[in-house]
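S.K.: Got a predicted model here, sequence first, then my questions.
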Amino acid sequence: METGINGSVVAITGGFGHLGLATAAWLGARGARIALIGRGAAPAAETLPAELVGARCIGGADLVDEQAAVQALDAVQREFGRLDVLLNIAGAFAWETVADGDVATWDRMYALNVKTALNASKAALPHLLQRPSGRIVNIGAGAALKAGPGMGAYAAAKSGVARLTEALAAELRDTGVTVNAIAPSIIDTPQNRADMPDADFTRWVQPREIAATIGFLLSADAQAIRGAWIPVTGRVE
């Protein structure tokens, strides 16, 4: 399989978080050139995994703001001279019931999950379309298809990511840019372990498993896959 990773320039939103860094390290180990984009302060270079030597870190990028997204993706283009891949990992989660929750949570979930992906994708498109083949991979969630109690705002937002993925893939069907989404269940992260200490962590999805699925979508063998919503659920029921 031709991976399409070695030498590719990959921009990762939510790049300073656990999944973003794990995915970046997986791709960096396979020769990708990485730009990490995050809302907070950029991490010091010496704190990054060894696989990310030479990575560009762009901090203070509030992707809810369209112009901030343009500035971040343009910075990647200037730094590397090209952009091959956008991974929309930025997002947020909130658990609250409709009866006891705040309507503002629905707005916040939409902004942090849908608008960030929309703005980053829109900002990346002029650069991706310059390449023979480009990739956008969004991070959705299994909850987008069926929400449980307290998951309404989050699930609705991730449903928005699914529809964005489908619409943009259809709009780009006559180009070399593909758009797909990964839909994990519970990801094994330190935060999730702290929030659910009694859970069986062995059933959860490992970040490297998500990274490997993304890696396949970046390959030439995946050129025909467009608008897909790919469940990566581990052994979570």
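M.R.: Nice, thanks for sending it over.
S.K.: so where do the strands sit in this structure?
M.R.: 9-13, 33-37, 56-58, 85-88, 134-139, 177-184, 229-232 (DSSP state E).
S.K.: and these as TSV, adding mean neighbour count, distance to Val103 and mean pLDDT?
M.R.: Every residue, glycine included, has its C-beta placed from N, CA and C. Shown next, in TSV, are those (neighbours: other C-beta atoms under 10 Å; distance: least, C-beta to C-beta, whole Å; pLDDT from 0 to 100):
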stretch	mean neighbour count	distance to Val103	mean pLDDT
strand 9-13	28	26	99
strand 33-37	27	29	98
strand 56-58	19	32	98
strand 85-88	29	25	99
strand 134-139	26	25	98
strand 177-184	25	26	98
strand 229-232	17	27	97
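S.K.: among these, which is nearest Ile214?
M.R.: Proximity to Ile214 (C-beta to C-beta) singles out strand 134-139 among the strands of the chain, at 5.3 Å.
S.K.: who's in contact with the closest one?
M.R.: If you take C-beta atoms under 8 Å, 6 or more residues apart in numbering as the criterion, strand 134-139 is touched by 14, 19, 83-89, 91, 117, 121, 124, 128, 161, 164-165, 168, 175-182, 184, 210, 214, 217-218.
S.K.: what angle separates that strand from strand 177-184?
M.R.: For strand 134-139 against strand 177-184, the angle by axes from the mean of the first three to the mean of the last three C-alpha atoms, to 10 degrees is 20 degrees.
S.K.: Check which strands are paired with strand 134-139 and give the direction for each one.
M.R.: strand 85-88 (parallel), strand 177-184 (parallel) (DSSP bridges).
S.K.: Hmm, Gly227 is touching Thr165, no?
M.R.: Yes - shown here, Gly227 and Thr165 form a contact pair, counting by C-beta atoms under 8 Å, at 6.2 Å.
S.K.: So which of the two has more stuff around it?
M.R.: Thr165 (26 against 17; other C-beta atoms under 10 Å).
S.K.: distance of the closest residue to that one other than its chain neighbours from Asp195?
M.R.: For Thr165, ignoring the flanking residues on the chain, the nearest one in space by C-beta to C-beta, 6 or more residues apart in numbering is Ala181 at 4.3 Å. In this view, Ala181 and Asp195 are 24 Å apart by C-beta to C-beta, to the nearest Å.
S.K.: In this protein, which residue is most central in space?
M.R.: Ile89 (2.2 Å; C-alpha atoms, centre = their mean).
S.K.: Is that residue in contact with Ala11, as I believe?
M.R.: No - in this structure Ile89 lies outside contact range of Ala11 using C-beta under 8 Å: 10.3 Å.
S.K.: which stretches of this structure have low pLDDT?
M.R.: 1-3 (pLDDT under 70).
S.K.: Neighbours of Pro149, how many?
M.R.: Residue neighbour count, defined by other C-beta under 10 Å, stands at 9 for Pro149.
S.K.: Tell me who's in contact with it.
M.R.: Thr97.
S.K.: quick one: contacts for Leu164?
M.R.: Counting by C-beta under 8 Å, 6+ apart, Leu164 has contacts 114, 117-118, 121, 138.
S.K.: From those, list just the buried residues.
M.R.: Taking 16 or more other C-beta atoms under 10 Å as the criterion, what is buried in the contacts of Leu164 is 114, 117-118, 121, 138.
S.K.: need these in TSV with distance to Thr202, can you?
M.R.: Converted to TSV, those look like this (distance: C-beta to C-beta, whole Å):
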residue	distance to Thr202
Val114	32
Ala117	30
Leu118	35
Ser121	34
Asn138	27
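S.K.: The top helix by length along the chain versus strand 177-184: what angle between them?
M.R.: In the chain, with assignment by DSSP state H, the single longest helix is helix 152-171. With the same axes, to 10 degrees applied, the angle from helix 152-171 to strand 177-184 works out at 160 degrees.
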